[in-house]
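Student: Need coordinates for the following:
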Amino acid sequence: MSRNRELFLFVVVALAFVLQLSVMPQFKLLGVQPDLILVVAIVVAVQDGPVAGAVVGFVGGMLQDIASPQVMGVSALTKTLAGFMAGVLKDFFMTYSILLPVLLVFFLTFFEILLHQGVMVVLGEDVLPPLRAGVMFAAALYNVLAVLVIYPLLRRFRFPEKEDSLLVTRRA
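Tutor: Predicted coordinates for the structure are as follows:
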């Protein structure tokens, strides 16, 4: 991955974090809002592979943990694993259309919510919100709506690899 792509992804994660805290609470439906950090991590994993998805998930999750009163590192862990899984699972699909990130976001939203709750239980957290299937389904659908916006935007801003950029400069 090129240095420009890394810098771009850092800006995207920071922007997703700011939007998650400031704008998304205004768009709550059925008590849920889209998880932009999770969606960005999955989209990056589909485009750039499991390691990039895991790094984006970790950085975004850690930012969420810093801004949250919950146990530090839980969101970082769950989003890292979701981003990594998205990158691994994308290789099992034959399509690279928008259907792939939509499916991955839908199912990995359930995975991330369940894993988050499980880690909190293992850590001995006493007060946890009730885990309801309807709320998880609403969160997954809301994340799917977010991926329909985020995937085309991130796909549009592709940066050439270092080897590709050398070929372009040699031809000129």
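Student: Let me know the pLDDT of Asp91.
Tutor: For Asp91, the model assigns a pLDDT of 86.
Student: From here on, call the first residue 47.
Tutor: Sure thing, new numbering starts at 47, so read that last one as Asp137.
Student: which secondary structure element contains Tyr51?
Tutor: Let me fix one detail, which is that residue 51 is Arg and not Tyr. Assigned by DSSP states H and E, Arg51 falls within helix 49-68.
Student: Could you export the next helix or strand after that helix as PDB, keeping only the C-alpha atoms?
Tutor: Beyond helix 49-68 on the C-terminal side, the first helix or strand identified by DSSP H and E is helix 82-94. Extracted in PDB, the C-alpha atoms of helix 82-94 (Å, rounded to 0.1, in the frame of the first residue of the first chain):
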ATOM      1  CA  LEU A  82     -19.100   4.100  10.500                       C
ATOM      2  CA  ILE A  83     -15.800   2.800  11.900                       C
ATOM      3  CA  LEU A  84     -16.900  -0.800  11.400                       C
ATOM      4  CA  VAL A  85     -18.100   0.000   7.900                       C
ATOM      5  CA  VAL A  86     -14.900   1.700   6.900                       C
ATOM      6  CA  ALA A  87     -12.800  -1.200   8.300                       C
ATOM      7  CA  ILE A  88     -14.700  -3.700   6.300                       C
ATOM      8  CA  VAL A  89     -14.600  -1.700   3.100                       C
ATOM      9  CA  VAL A  90     -10.900  -1.200   3.500                       C
ATOM     10  CA  ALA A  91     -10.400  -4.900   4.100                       C
ATOM     11  CA  VAL A  92     -12.400  -5.700   0.900                       C
ATOM     12  CA  GLN A  93     -10.200  -3.200  -1.100                       C
ATOM     13  CA  ASP A  94      -6.800  -3.600   0.500                       C
END
